[in-house]
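Visitor: Everything below, folded, please.
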Amino acid sequence: MKQKTAITQVQQNTAIASIIIPTLCVDSLYLKKCLLSLLAQKQLKAVGCGLAEVLIICNCTQKRMKKMRLEIEKVLKDIEGLEFSWICQGKNTGFTGAVNKGITHALGKYIILLNDDVE
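Guide: Take a look at the predicted model:
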């Protein structure tokens, strides 16, 4: 089930990059650091205006995803320029399964894969 938090709207024909981040939803600290680091990148700021999207693929239950999402959105609520989409797998499908799910939902011309523990 795809749930969106629209920070800015991404139009299908304008998305340049789709950044896919699989997570187990175990520790929100890793994902927070990853997203904040991602948002600090000059290249993404240059893209701006909603031309990039971030797909967070949760390899966990819906309940666990909702808890993680609430924690993350507290940090990201005032950040503009990217759209964050949350996709819940319902179970752990592994990195490959999460990436494949993200690719099927991606709107961008380019796909970027990123682990949730990358800063």
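Visitor: Please count neighbours and contacts with C-alpha atoms only from this point.
Guide: Fine.
Visitor: Could you measure from Cys34 over to Thr104?
Guide: 22 Å (CA to CA, to the nearest Å).
Visitor: Tell me which stretches of the chain form strands.
Guide: 2-5, 17-23, 52-58, 82-88, 110-113 (DSSP state E).
Visitor: helices or strands up against the last one?
Guide: When contacts are defined as 3 or more CA pairs under 8 Å, 6 or more residues apart in numbering; DSSP states H and E, strand 110-113 packs onto strand 17-23.
Visitor: Give me the contacts around the strand it packs on.
Guide: 31, 51-59, 95, 98-99, 102-103, 106-116 (CA atoms under 8 Å, 6 or more residues apart in numbering).
Visitor: And for Pro22, nearest residue in space, chain neighbours not counted?
Guide: Ile57 (4.6 Å; CA to CA, 6 or more residues apart in numbering).
Visitor: list the contacts for that neighbour?
Guide: Counting by CA under 8 Å, 6+ apart, the residues that Ile57 touches are Ile20, Ile21, Pro22, Thr23, Trp86, Ile87, Cys88, Gln89, Ala98, Val99, Lys101, Gly102.
Visitor: Any idea which helix or strand in this structure has the lowest mean pLDDT?
Guide: Ranking every helix and strand in the chain by mean pLDDT, DSSP states H and E puts strand 2-5 at the bottom, with a mean of 44.
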